[in-house]
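# Please find the sequence and the predicted model below.
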Amino acid sequence: MSNPNKTPRDGSDGALSASARSNIAMLVFGFFTLCFLVAIDHEEWFHLRPISAGAVAVSHASDQASEAP
């Protein structure tokens, strides 16, 4: 039996929902692509840095030891 309260527009809700989902998916994909392109341009963001003063001292000492003759 058909629903007597159904309007002609109710049939297009599925298509509208699919269209909205695809638009949101493309927007999210574009945002992540932009983030990736910005990130690969700034490789200094991904260098590991020592957190504590002791780690800084050890890192500095190891750099000097590797440069010594």
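Here it is on my side, so go on.

# where in this structure is pLDDT low?
Within the chain, the segments meeting pLDDT under 70 span 1-13, 50, 64-69.

# If we use 80, what do you get?
When residues are selected by pLDDT under 80, those of the chain lie in 1-16, 47-50, 59, 63-69.

# need the longest helix for it.
helix 13-41 (DSSP state H).

# following it, which helix or strand comes up?
Once the chain leaves helix 13-41, the next helix or strand it forms, by DSSP states H and E, is helix 53-67.

# next one: that following helix to chain centre, how far?
34 Å (Cα atoms, centre = their mean, to the nearest Å).

# Likewise for stretch 35-52?
On Cα atoms, centre = their mean, the centre of stretch 35-52 falls 14 Å from that of its chain.

# ok, back up a step: from the middle of its chain, how far away would the longest helix of the chain be?
11 Å.

# List the buried residues in that helix.
Buried residues in helix 13-41, counting neighbours by 16 or more other Cβ atoms under 10 Å, are absent. Where you see a C-beta, it was placed from the backbone N, CA and C, and this is true even at glycine.

# Number of residues surrounding residue 59?
Residue 59: 13 surrounding residues under other Cβ atoms under 10 Å.
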